[in-house]
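>>> quick one: sequence plus predicted model below, questions after.
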Amino acid sequence: MGKETPVRTCVVCRQEKSKGELLRVIRTPEGAIELDKTGRSNGRGAYICKDEKCIGEAKKKRGLEKSLKTAIPESLYKELEKVLKDE
């Protein structure tokens, strides 16, 4: 039997996708908000699609803020957009 791919849900569009198709944002135990590029960092995680629409909606409707229960800095949204352009 093969290893199953983990499935996660986007906090904005609520679509289930494999973990590799989503970006993970975490709130570290110290309270910092950062993009988790490895997908394994310690902290509370929220997933968002690698899509400009979802990132824009997350900003507008504060989807990440609700999931992580803290304010999201503008710099994180810029970092998410930069990751999309680099891919």
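All right, it came through fine.
>>> do you know how far the closest residue in space to Ala71 that isn't next to it in sequence is from Ile55?
Leaving out its chain neighbours, the residue that sits closest to Ala71 by Cβ to Cβ, 6 or more residues apart in numbering is Glu65, at 6.2 Å. For glycine as for every other residue, the C-beta is placed from the backbone atoms N, C-alpha and C. Distance of Glu65 to Ile55, given as Cβ to Cβ, to the nearest Å: 13 Å.
>>> more neighbours: those two, which one.
Each of Glu65 and Ile55 has its neighbours counted (other Cβ atoms under 10 Å); Ile55 has more, 21 against 16.
>>> tell me the secondary structure at that one.
What DSSP: H, G, I helix; E, B strand; the rest coil gives for Ile55 is helix.
>>> how much space is there between it and Tyr77?
Distance of Ile55 to Tyr77, computed by Cβ to Cβ: 7 Å.
>>> please apply the same query to Arg44.
According to Cβ to Cβ, Arg44 and Tyr77 sit 18 Å apart.
>>> tell me which of those two has more neighbours.
Ranked by neighbour count (other Cβ under 10 Å), Arg44 and Tyr77 place Tyr77 first, with 16 against 13.
>>> now for the helix or strand hosting Glu65, which elements pack on it?
Using DSSP states H and E, Glu65 falls within helix 63-68. Contacts defined by 3 or more Cβ pairs under 8 Å, 6 or more residues apart in numbering; DSSP states H and E place helix 63-68 against strand 22-27, strand 44-49.
>>> in it, what's buried?
Buried residues in helix 63-68, counted by 16 or more other Cβ atoms under 10 Å: 63-65, 67-68.
>>> what is the neighbour count of Lys59?
Lys59 - counted by other Cβ under 10 Å - has 18 other residues nearby.
>>> revised request: answer the last question for Arg62.
12.
>>> perfect, I'm done here.
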